[in-house]
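In: Turn this into a model:
(one chain, ligands or ions: 1)
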Amino acid sequence: MEFLPSRSAAINKLDQFIENNLSQYAKLRNFDYGSKKRNNISCLSPYITHGVINEIEIIDKSLKKFSFTKNEKFIQEILWRVYWKGWLELRPVVWKDFLSDLEKIKKENSNDLNYKNAINGNTNLECFNEWVKELKENNYLHNHARMWFASIWIFTLKLPWQLGAEFFLQHLFDGDAASNTLGWRWVAGIQTKGKNYIAKEWNIKLFSDNRFQNIKLNENAEPIFDNRTYSSETKIFENVKGIENKNLIIFDNNLSFETSDFQNNKFKKVFLASNENQNRQIKLSEKNIEFKKKLFEDQKNRLLKESVECEIIDIKDLKDIEENLIALYPSVGENLDYLNSNNLKNISFLYRKIDQFSWKYCNKGFFNFKNYIPKIVQEFI
Ligand SMILES: Cc1cc2nc3c(=O)[nH]c(=O)nc-3n(C[C@H](O)[C@H](O)[C@H](O)COP(=O)(O)OP(=O)(O)OC[C@H]3O[C@@H](n4cnc5c(N)ncnc54)[C@H](O)[C@@H]3O)c2cc1C
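Out: You can find the predicted model right below:
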């Protein structure tokens with residue numbers, strides 16, 4: 001499986017998926033048939049994470065083919081990501097605590113043999129080793145494999161979840177602060193307190209098409225205990241006024257300016273701010289950095305074609321751009337952390353309309369959010 005780093009590749013993937021596989025999505029989405037057969041799911045996450053293609057255009061196209069009822073599961077999954085983002089926006093301390101726990105745990109565990117064997121795919125579990133290989137080679141794992149992987153990491157290999165979450169972020173092309181951190185917390189049993197996800201041999205066999213044998217797991221593990229509670233902050237995601245003719249900064253989560261809510265505004269110049277490893281706490285794999293670089297190039301070329309003046313710059317050079325800066329909101333994660341810790345707090349943000357509208361429903365659980373999905377779809381489609 002290949003992820004070509006361009007918007008045209010993303011659109012092509014979406015069109016093929018809608019045309020040939022969307023109708024079977026709800027029935028087949030939980031099956032992981034292996035990296036050579038991935039057409040039962042969309043594989044759009046590396047593009048969605050980078051904003052190369054956005055949730056509204058995906059839902060819009062899917063609804064041109066099938067009714068809302070027929071599409072409901074797919075739309076729910078697409079909006080699950082928006083929900084996780086909003087949930088973390090309202091509780092940014094969860095991300096901060098994850099990073100500071102990680103720093104401490106790394107100091108204690110970086111030479112641990114059990115940990116080294118896990119990240120080198122050298123355990124006595126064939127399936128786990130296979131997923132490590134797939135993660136490093138293809139920079140993607142099926143959702144069910146992510147759940148099994150995280151569960152085995154935490155409950156069978158007994159490694160700290162924070163190290164596993166870091167390992168995913170280093171290699172996944174779709175690595176995202178919200179979906180990843182909250183996905184790992186959910187498996188551990190701290191996102192929904194006391195409810196952990198236990199990977200079971202029969203389940204792996206059934207949903208991986210019987211590709212693996214000898215799956216001996218700890219199937220009776222207790223949830224991880226974490227007594228910190230995070231209440232939802234009251235936040236208003238309001239756009240700054242008077243944006244015309246200012247410089248606009250775009251980070252690696254919004255790489256399709258020409259389809260954004262601000263495409264019709266006139267900016268002086270667009271700066272595409274890339275964030276290399278020296279300014280990240282979690283160091284990305286070379287392939288991941290390369291993927292991001294190519295997506296930046298692709299965005300730049302598309303903008304130049306439309307005669308939008310633009311330039312790719314390193315995030316550390318933002319301080320040299322004079323005048324008040326405006327940025328498409330990078331959302332909770334390493335880009336925002338960089339701005340906050342490098343005296344760039346006076347940057348004003350522009351939020352996507354879908355986030356402004358949806359994030360107000362993210363203060364409770366996903367089952368509550370789900371009630372608002374028809375309303376969200378109606379608002380934007
Ligand atoms: C431990 C763990 C870590 C994860 N880390 C990430 C991550 O870093 N980045 C990321 O984008 N997703 C993450 N996910 C969610 C999910 O696994 C991926 O979004 C999905 O596998 C991407 O494949 P797809 O595009 O083929 O999904 P499809 O099934 O085709 O779904 C379409 C889109 O819906 C969204 N989506 C689907 N399932 C989920 C989900 N469970 N949570 C949030 N959004 C979802 C994604 O944007 C996806 O591209 C994680 C899940 C777990 C359990």
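In: C-alpha from now on. contacts and neighbour counts both.
Out: OK.
In: For the stretch 251-381 of the chain, which segments are assigned as helices?
Out: For the stretch 251-381 of the chain, the helices defined by DSSP state H, counting those that start in this stretch occupy 286-305, 334-341, 353-358, 366-370, 373-380.
In: Go through these and name the closest to Asn214.
Out: Taking CA to CA, helix 286-305 is the member of those nearest to Asn214, at 31.8 Å.
In: what comes up buried for that closest one?
Out: For helix 286-305, burial by neighbour count (16 or more other CA atoms under 10 Å) applies to 287-289, 291-293, 295-300, 302-303.
In: Figure out which of the helices of the stretch 251-381 of the chain is closest to Ile249.
Out: That would be helix 334-341 among these, by CA to CA, at 11.6 Å.
In: before we move on, the earlier item: got CSV for the helices of the stretch 251-381 of the chain, with distance to Ala177 too?
Out: Compiled in CSV, the helices of the stretch 251-381 of the chain are given as follows (distance: least, CA to CA, whole Å):
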stretch, distance to Ala177
helix 286-305, 15
helix 334-341, 8
helix 353-358, 16
helix 366-370, 18
helix 373-380, 23
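In: Ok, which of the ones you listed comes nearest the ligand?
Out: helix 366-370 (10.5 Å; CA to the nearest ligand atom).
In: Now do the helix or strand hosting Leu135 against helix 286-305, angle only.
Out: Using DSSP states H and E, the element containing Leu135 is helix 126-138. Between helix 126-138 and helix 286-305, the angle comes out at 40 degrees (axes from the mean of the first three to the mean of the last three CA atoms, to 10 degrees).
In: What are the contacting residues of helix 126-138?
Out: 1-2, 35, 118-123, 140-141, 145, 149, 152, 168, 171-172, 212-215 (CA atoms under 8 Å, 6 or more residues apart in numbering).
In: let's see 10 Å
Out: 1-3, 34-35, 117-123, 139-142, 145-146, 148-150, 152-153, 167-168, 170-173, 204-205, 208, 211-215, 285, 287-288 (CA atoms under 10 Å, 6 or more residues apart in numbering).
In: out of those, which are inside helices?
Out: Under the assignment DSSP state H, these contribute 117-119, 145-146, 148-150, 167-168, 170-171, 204-205, 287-288 to helices.
In: Any of those buried? List them.
Out: Using 16+ other CA under 10 Å, the buried ones in those are 118-119, 145-146, 148-150, 167-168, 170-171, 204-205, 287-288.
In: Against the ligand, which of the residues you listed make the cut? List them.
Out: When contact is defined as CA under 6 Å from any ligand atom, those meet the ligand at 146, 150.
In: Beyond the longest helix along the chain, next helix or strand please.
Out: Longest helix of the chain, by residue count under DSSP H: helix 68-89. Going down the chain from helix 68-89, the next helix or strand is helix 93-109, by DSSP H and E.
In: how near is the most centrally placed residue in the chain to Pro330?
Out: In the chain, the residue lying closest to the centroid (CA atoms, centre = their mean) is Asp176, at 2.9 Å. Distance, Asp176 to Pro330, by CA to CA, to the nearest Å: 11 Å.
In: list the residues that contact both of these two?
Out: The contact sets of Asp176 and Pro330 overlap at Asn253 (CA under 10 Å, 6+ apart).
In: So which bits of the stretch 51-200 of the chain are right by the ligand?
Out: Counting by CA under 6 Å from any ligand atom, the stretch 51-200 of the chain sits next to the ligand at 77-78, 80-81, 142-143, 146-147, 150, 174-176, 179-180, 183-184.
In: again, only using 5 Å
Out: 77-78, 80-81, 142-143, 146-147, 174-176, 179-180, 183-184 (CA under 5 Å from any ligand atom).
In: Is there a quick PyMOL command that grabs whichever of the residues you listed are buried?
Out: Those of those that count as buried under 16+ other CA under 10 Å are selected in PyMOL with:
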select buried, resi 78+80+81+142+146+147+174+175+176+179+180+183+184
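In: how about the residues of the stretch 51-200 of the chain next to the ligand, which pair is most distant?
Out: Within those, Ile78 and Trp184 form the most distant pair, 18.5 Å apart (CA to CA).
In: where does the stretch 251-381 of the chain have low pLDDT?
Out: Judged against pLDDT under 70, the stretch 251-381 of the chain has no low-scoring part.
In: Would you mind naming what in it lies close to the ligand?
Out: Residues of the stretch 251-381 of the chain lying near the ligand (CA under 5 Å from any ligand atom): none found.
In: Check which residues of the longest helix of the chain are buried.
Out: 68, 70-72, 74-76, 78-89.
In: ditto for stretch 261-278
Out: 262, 267, 270-275.
In: What of stretch 20-40?
Out: Of the residues in stretch 20-40, 21-23, 25, 29-34, 39-40 count as buried by neighbour count, 16+ other CA under 10 Å.
In: mind listing the strands for the stretch 201-350 of the chain?
Out: Secondary structure of the stretch 201-350 of the chain, counting by DSSP state E, counting those that start in this stretch: strands at 247-250, 269-274, 310-314, 326-328, 348-350.
In: For Ile236, which of these is the nearest?
Out: Among the strands of the stretch 201-350 of the chain, strand 348-350 sits nearest to Ile236 (CA to CA), with 11.8 Å.
In: Which elements pack onto the closest one?
Out: When contacts are defined as 3 or more CA pairs under 10 Å, 6 or more residues apart in numbering; DSSP states H and E, strand 348-350 packs onto strand 247-250, strand 326-328.
In: Mean neighbour count added to those strands, as TSV?
Out: Converted to TSV, those look like this (neighbours: other CA atoms under 10 Å):
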stretch	mean neighbour count
strand 247-250	22
strand 326-328	21
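In: okay if I get these as a markdown table plus distance to Ile347?
Out: Output for the helices and strands packed on strand 348-350, formatted as a markdown table (distance: least, CA to CA, whole Å):
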| stretch | distance to Ile347 |
| --- | --- |
| strand 247-250 | 9 |
| strand 326-328 | 6 |
